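A.B. asks: how would this look folded up:
(2 chains, ligands or ions: 2)
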Amino acid sequence: MNKLIALTGDQAAAEAMRQIEPDVVAAYPITPQTEIAMNFSQFVADGRVKTEIIPVESEHSAMSACVGAAAAGARAMTATSANGLALMWEIVYIAASTRLPIVMPTVNRALSAPINIHCDHSDTMGARDSGWLQVYCENAQEVYESIIAAVKIAEHKDIQLPIMVCQDGFITSHAVEGLEIFDDKKVKEFIGEYKSRFSLLDIERPITVGPLDLQDYYFEHKRQQSEAMKNALTIIPGVLGEFNKEFKRNYGLFEAYRLDDAEIALVVMSSTAGTAKVVVDNLRAEGIKAGLLRPRFFRPFPKEEIAKQLFGLKAVSILDRSESFSTQGGPLFIDIRSALYELDNKPLMNNHIFGLGGRDIGIEEIESVFRDLIKAVKDNKLETKVNYLGVR
Amino acid sequence: MANLKELSRVIPERLSSGHRLCAGCGASIAARQILMGTENPVVVGCSTGCLEVATTIYPYTAWEVPFIHNAFENVAATISGVETAYRALKKQGKIKKDIKFVAFGGDGGTYDIGIQSLSGALERGHNFVYVCYDNEAYMNTGIQRSGATPYGASTTTAPAGKASFGKSQFRKDLTAIVAAHNIPYVAQASISNWNDLVTKSQKAFSVNGPAFLNVLAPCPRGWRFPSEKVVEVSKLAVETGFWPLYEIEDGKWKLSYKPKQIRPLADWLYLQGRFKHLKKEENKKAVEELQANVDKRWKELLIKCEEAGK
Ligand SMILES: Cc1ncc(C[n+]2csc(CCOP(=O)(O)OP(=O)(O)O)c2C)c(N)n1
Ligand code: SF4
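C.D. replies: Ligands and ions are numbered 1, 2, ... in the order given. All right, here's what the predicted structure looks like:
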């Protein structure tokens, strides 16, 4: 029986970790992630999980210890935000290149400077080329469920890549929601026991992890890593299918909201999609054919599926909660625009960068983007440009 | 204690020949001697540096035991993870064997960039041995100065020149810094005194909790001496009092070896090209300062070890 309880996004993440009961968790505090580390530490202190916790002295060491633990064949997890993720950066790459299926709940927060503890996606977007899988969640329920699914995705033998399960700092991490929690046993059954293919603790079969890899092999290893990312694109829907069947859900690589017959649409990730759905409903009530595409997985990037979803639309605006400083728009925009390049019938398109450093975005602002799209369709003209939404 | 030949019969080779370290490299001698310190299965971690780079060139490896390299500054944190995984899996009954863990870091990876990760791991009390193979500079990137480089040594980032006599700071006392963590076992050793080193390694592996060995591991290339002199150079570091051998067991300092007569530092300095410029008249003062510093440190050590006046 599923249980209904009120939890914040951080508590939801900790609850998923409790049910997963990883072998090793490295913990270091940073707002707004801290509650995950605190809640999980309490589970350990209360003897509710057998997990060994490593109270590391920094995020750099948290990720380093996870690499060591995962290479030793353990299920390893840590959690972080913003500057913590930035401090891990070097080892974030090493974890992916060493093909270690580490699961990391990541609470999105703006990167310094200036220092700011509120939500935007600059932290995880900075790690977008590290070779990690990335899933962005709309609410606490999705955070909870995605962390469980993430274990099975990361550990899949043809993927073997670490994964960040992202949620919006404060907006999701600190707001209380009613949450449906699965049976402990069912979660354990779903993820199964972890059997790594290689382990440093397999004394009879010694392995060397992290060797020097020169011009003669490095490129091939990177190519293999790239194949793993490609594999992930076809394997993830299968794993999510199993998850959906088991827990009666409907997760995919992305969510399409009232998109089937839509003429105009927004593309936006994480919690903002919730607000945007309200706007879509309002516009629909006015008879305007509005829709929404919410990518869940940003890595792997479901290029073809996204192109298929946006094909036939008249105008689309992509909303990015981070800056790339390329002057070409935010990272989501750049990827989506490139995904649509081969379409004959491209929608009119622009980009909005919004919400940096926790700047609120409301219904009116999102509606204004739609209104611009309506006008663009009428004029059959929309400049492909980068707009800043809600900045003074 | 058994002699080296006997020891090597009991304990199979763990770092095999065929690696690409230079002839006469102190690091490989240190690693092999230390790995004789336990009969248990052992997992090795290594920071980026000569020892790691020269032993693991893909698709080859010189390691006959499980080995992990992660990055330059984080071998202590990495081995923390491995050791914790071991405890977790052992508790669950998934592993039966008693496995030991050792981390090797160069002086750069330990004294400088890796000191935070080392300090954290020591404070958390993981059951592992940390070995700093101290060759007194960043050798892998081409002999740059480190926090362990002696005063007056010429390195590529603290070169001797018309206006400089080489490095102008004294080396930091890492062994004492580590001792301040109050871990069960801390020792300083040298590859020249192998019996002392292997005994210390045995002790380090046998304590419950972190142990630390600071091992002088000369680098013929960086110190500029012929490779066949590696043991002689190490030995003179000990005989001149530059590199005293001692251990700190449960907070108690003990001198492991007292030279009958401390030899002048110059005997050690002038075997090495990196101090060649100190022979010049204008640099004599630097030698005197270095000698005075070694004398002072030796006296302080005798007091700590309750050997003063004996
Ligand atoms: C973060 C980082 N900075 C710099 C380097 C470059 N680097 C690699 S090895 C090394 C020096 C290693 O020196 P040490 O630890 O003394 O070992 P040795 O090479 O002397 O054996 C440096 C600076 C690196 N790999 N990573
Ligand atoms: S440069 Fe020095 S430390 Fe590096 S392998 Fe050669 S002798 Fe050893």
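A.B. asks: residue in chain B with the shortest distance to ligand 1?
C.D. replies: residue B:106 (2.2 Å; C-beta to the nearest ligand atom). From N, CA and C alone the C-beta is placed, and that goes for glycine too.
A.B. asks: could you report the neighbour count for the residue nearest to that residue when sequence neighbours are not counted?
C.D. replies: With C-beta to C-beta, 6 or more residues apart in numbering or on different chains as the criterion, residue B:106 has its nearest non-adjacent residue at 3.7 Å, and that residue is residue B:49. The number of residues packed near residue B:49 is 25, by other C-beta atoms under 10 Å in any protein chain shown.
A.B. asks: what's the answer for residue B:270, then?
C.D. replies: Using other C-beta under 10 Å, residue B:270 has 13 neighbouring residues.
A.B. asks: pLDDT wise, what is the nearest residue to it once chain neighbours are set aside at?
C.D. replies: Distances taken as C-beta to C-beta, 6+ apart put residue B:279 closest to residue B:270, at 6.6 Å, once the chain neighbours are dropped. Note on residue B:279: pLDDT of 97.
A.B. asks: and chain B, which residues reach ligand 2?
C.D. replies: Residues of chain B lying close to ligand 2 by C-beta under 6 Å from any ligand atom are B:21, B:22, B:25, B:27, B:50, B:54, B:135, B:139, B:219, B:220, B:221, B:222.
A.B. asks: redo the residues you listed as CSV? Include pLDDT, neighbour count and secondary structure.
C.D. replies: What follows is the residues of chain B next to ligand 2, written out as CSV (pLDDT from 0 to 100; neighbours: other C-beta atoms under 10 Å in any protein chain shown; DSSP: H, G, I helix; E, B strand; the rest coil):
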residue, pLDDT, neighbour count, secondary structure
B:21, 97, 19, coil
B:22, 97, 17, coil
B:25, 98, 26, coil
B:27, 98, 29, helix
B:50, 98, 26, helix
B:54, 98, 18, helix
B:135, 98, 31, coil
B:139, 98, 26, coil
B:219, 98, 28, coil
B:220, 98, 21, helix
B:221, 98, 19, helix
B:222, 98, 26, helix
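A.B. asks: restrict those residues to those near ligand 1?
C.D. replies: With the criterion set as C-beta under 6 Å from any ligand atom, the members of the residues of chain B next to ligand 2 near ligand 1 are B:27, B:50, B:135, B:139.
A.B. asks: distance to residue A:131 for those - can I get that in CSV?
C.D. replies: As requested, those are arranged in CSV below (distance: C-beta to C-beta, whole Å):
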residue, distance to residue A:131
B:27, 32
B:50, 28
B:135, 34
B:139, 31
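A.B. asks: which among these gets closest to chain A?
C.D. replies: Using C-beta to the nearest C-beta, residue B:50 comes nearest to chain A of these, at 11.0 Å.
A.B. asks: surely that closest one is in contact with residue B:26?
C.D. replies: No: Residue B:50 lies out of contact with residue B:26 (C-beta atoms under 8 Å); the separation is 9.8 Å.
A.B. asks: what sits in contact with each of those two?
C.D. replies: Counting by C-beta atoms under 8 Å, 6 or more residues apart in numbering or on different chains, the residues touching both residue B:50 and residue B:26 are B:135, B:219.
A.B. asks: quick one: stretch B:181-201 near chain A?
C.D. replies: No: under the criterion of C-beta under 8 Å from any C-beta of the partner chain, stretch B:181-201 makes no contact with chain A; the nearest approach is 12.2 Å.
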